[in-house]
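Chemist: After the sequence you'll find the predicted model.
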Amino acid sequence: MNRILLSRRGFLTSACCLAAAPVFTPLTFAAMPGDNRFVTIVLRGAMDGLDLVQPYGDSGFAALRPTLALTPDKGLLDLDGHFGLNPAAAELMPLWKSRELAFVQAVSTPYRDQRSHFDGQDMLESGGEHVAEERTGWLNRALAVIPRSDARKAIDINTSTELILSGPNNVDVWASDSNLPPARDEMQFLARLYAGDPPFAEALAEATRADTASMMIEPDGQRGEKTADVAALAANMLKGDYRIASFSITGWDTHIGQAGQFKRPVQDLAQAINTLKTTLGPEIWAKTVVLAMTEFGRTVRQNGSGGTDHGTGGCAVLSGGAINGGRVLGRWPGVSDGQLLDDRDLMPTADVREVAAAMLYRQFDVGMDDLTGKIFPGLGFDKGSQFLKV
Amino acid sequence: MSLSFPTMAAIRFGYGFRPGEAAPQSKDELIGQLSKGAAATPDFPLGGPDMRHRAILSLQAQLKQIRQDATTVTDDATRREMRKAVQRQAQQQFQHDVNLRLMQAVLSPYGFYERLSTFWTDHFSTSANKSLPMRLIVPLYEAEAIRPFISGRFGDLLRSATAHPAMLIYLDQADSLGPESAGGIKRNKGLNENLGRELLELHTLGAGSGYTQADVTAAAMVLTGLTIDRKEMDIAFRPNISEPGEHQVLGVSYGGRRRSREDYLDMLDDLAVHPKTAAHISRKLAVHFVSDQPNEGMVFDMAAAWKRTDGDLTAVYTAMLDHPAAWQNDGAKARQPFDFVVAGLRALNAGPVNGVVGSFLAANQQGTEEGDMAANTPGMAGAPVTTDPAGEARDKRLKAFRTARALGQGALRRMGQPTWLPPSPAGFEEGFSAWITGSQLAERLAWVRRAVTQFGRDEDPREFLKSTLADAARDETIRVVSQAPNKVSGLTLVLASPEFNRR
């Protein structure tokens, strides 16, 4: 360890107390038993669930996607005789076999007929029933009603706040490659400079908290910005005091040449999930649920340029040691004539918010009334939900 | 008005103060910048538009050659090397353009015009990441399709942005064919509705304004035929891939048995003067310049000016500046990263002619990355021909180039706002909370320290505070800066202050 780092440590242990309460001590740094973890991954750009989890057993499917549909003899990885996994996600197969992976087909938010990424993501992240109904994120609102106060600590791994964790409850935002420069005596001046301006004072406190936490994890300060780095940082934060983490994977807007374009984000997703598992280690992974979800699915027919356009019904991905996976969940609506929504989209048969609600209920005992009232207004959800059995 | 007019004009409607440059004293002066800015040639793209058109064709030719060679050259390593050399050239040009784009904003005396250029380039977002040729096309797009049109009629801006190769490539229009057109049937390809959708959702009416999926599909149908000539890298209209028949967009019918360019132009003109477009974009301007929650009266006045003048943008900007709310609640907005970096470099840019920052960045336009130095082979029009000095001079130049990049594009990337690389067709985030976070602040502090060390040697923090913030400086900031433990800290605190990060 070099001198700069030592002085930096010195700075962190003394100066951080000025701006914020120290959150990490050697005692609390170790994982405490009985604490569940929850990770959300927002797949931005409308992930084509029919490409990831292909209904090759549905006789109508192949004709609608002449160049995109695969079969097991063309590399598709069979899941259950009806659905098969895109070969780009091969690295997820071990999790499927160990029942730590499940897919939910034909889900969507209540968003219909407009197919705007931005409204779609706002709905997905705000958890409301209508566009712009909720201004804060559902995961942030959930923090207020998690019964155990020590499970309310959340981190958003991004350069700027994402809606899903935005809101009145305290959440730290940290980019995987951020570093607060070692300002030492300057910290006191900065604290004074921001004293009269709450958003700036809070940003400084947040920077100090998150920098302290990430310094403890990776003392050499070497952090990258690749998906695996983001997932590793999320996992390391979850090994400490954080119980909830969220990040995004982009690159899903495949209007053109999808067969090639789809691979990278799929591999990113597989890598993110595997990195979470290995970094968390078996004990914590066993208490972890990862929910990856997207704003809507894509058209069932491929378009004129080998891609797909914006659709409705999509697919959510669940993983983690805490689930009973190895299954494709959800009610399959079919893709034959008359089974599509507006004759173009996969018909949604369940609300993706129900999947999220089920995970909040199982992981943190969030009450039913809170789930259907405060967190996901208008959601139909009760103890009979199929997603509670995952 | 809480602050003096020149302060509000410089900080809210421009890129802040620059020593030696007079801030606007009146609304007429601010509006006067629009025609002057539009008349001036921007610093980018490198070598000017004509040379850039040639460079794009040259790149196309090289890519074609590589594809042809692929059939005869079987050696993978050789093919990879050829491809890499072309990629390096394009990437290098892009780096130069990004630097020039930054310098344009730092050095231009027409801050309001520059801010509007940034706004509209973001409104009609395209990304240089879409393909290799786009590294060269997107800077040209801003220079020739956006900047000359931002003080005239919105309809003309909409036409020029929509029908530029950058937009046609970015939103996949170049690959959209009418499914029932002769070309579509022959090639067994069809519609791609990406541009049709974003045209309604982002560029004109706005999301949730009442159009339907049928309108989106019909708009995409009307746009079929509009494509690019890949050989010339220019727009083309091809009736044989244009979907025949009439298509109803928002109840108006476009097209007929024979389809022509006029159909989509008529549709763009109608969308440009649609009341929902006027309301959507007036609000977006007000949000960008004045407040995340803009004054409704101001938005109404702007939309009314739009309606009165059929979308004359100068009239819309004037309506914004004429409303009292434009001059109230200073500091309501967060400076976005590009605004912050440009304002910081302007504040530090004392000295004759282009100042220290300008001279530094200009000198480093000739520098390049170590890996790129080998790639300075002639062949691409517009590529700077640089010699390859050895030893100390080379090391020094490399270091300076890296500093320039770290202060410019490198910092913008880390702060989440890399130039010409927006995350989506909706452009960059707008709201205060997106930009004032812990990691954002950490990046800004790191940038400030580096910039101040590089350019602030001769500054006295107290004088610097006055020239940078004028009457926007709060008492507390004046006090903290004057007590700073050293000069670098003092200068750092000025640029780290809330009032410098707000506008």
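Modeler: Cool, got the structure.
Chemist: Which helix runs longest in the chain?
Modeler: Assuming you mean chain A. Looking across chain A with DSSP state H, the single longest helix is helix A:263-285.
Chemist: other chain: chain B
Modeler: Across chain B, the longest stretch assigned as helix under DSSP H is helix B:76-107.
Chemist: in the stretch 251-400 of chain B, which spans are strands?
Modeler: Under the criterion DSSP state E, counting those that start in this stretch, strands of the stretch 251-400 of chain B are mapped to B:252-256.
Chemist: okay, and for it, where does confidence drop off?
Modeler: Scanning the stretch 251-400 of chain B for pLDDT under 70 picks out B:366-392.
Chemist: residue of it with the smallest distance to chain A?
Modeler: B:A334 (8.4 Å; CB to the nearest CB). C-beta coordinates here come from the backbone N, C-alpha and C atoms, glycine included.
Chemist: what's the answer for the stretch 101-250 of chain B, then?
Modeler: Closest point on the stretch 101-250 of chain B to chain A, by CB to the nearest CB, is B:G190, at 2.9 Å.
Chemist: check contacts around the residue lying closest to that residue once chain neighbours are set aside.
Modeler: In space, and not counting its chain neighbours, B:G190 is closest to A:G304: 2.9 Å by CB to CB, 6 or more residues apart in numbering or on different chains. Going by CB atoms under 8 Å, 6 or more residues apart in numbering or on different chains, A:G304 touches B:175-177, B:179, B:184, B:189-192.
Chemist: Kindly report the same for A:E295.
Modeler: Residues near A:E295 by CB under 8 Å, 6+ apart: A:44, A:46, A:109, A:111, A:117, A:120-121, A:123-124, A:314.
Chemist: how far away is it from chain B?
Modeler: 12 Å (CB to the nearest CB, to the nearest Å).
Chemist: Give me the neighbour count for B:K487.
Modeler: 16 (other CB atoms under 10 Å in any protein chain shown).
Chemist: before we move on, back to that, so the residue of the stretch 101-250 of chain B closest to chain A, which of the three states?
Modeler: coil (DSSP: H, G, I helix; E, B strand; the rest coil).
Chemist: In contact with it: list those residues for me.
Modeler: So B:G190 contacts A:303-305, B:176-179, B:184 (CB under 8 Å, 6+ apart).
Chemist: ok so, going back, which of the contacts of A:E295 count as buried?
Modeler: Burial by neighbour count, 16 or more other CB atoms under 10 Å in any protein chain shown: within the contacts of A:E295 this picks out A:44, A:46, A:109, A:111, A:117, A:120-121, A:123-124, A:314.
Chemist: same for chain B: which of those are within range?
Modeler: A:44, A:117 (CB under 8 Å from any CB of the partner chain).
Chemist: In helices only, show me the buried ones among the contacts of A:E295.
Modeler: Counting by DSSP H, the buried ones among the contacts of A:E295 place A:117, A:120-121, A:123-124 in helices.
Chemist: could these be laid out in a markdown table, adding pLDDT?
Modeler: Listed next are those as a markdown table, based on pLDDT from 0 to 100:
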| residue | pLDDT |
| --- | --- |
| A:H117 | 83 |
| A:G120 | 91 |
| A:Q121 | 89 |
| A:M123 | 93 |
| A:L124 | 96 |
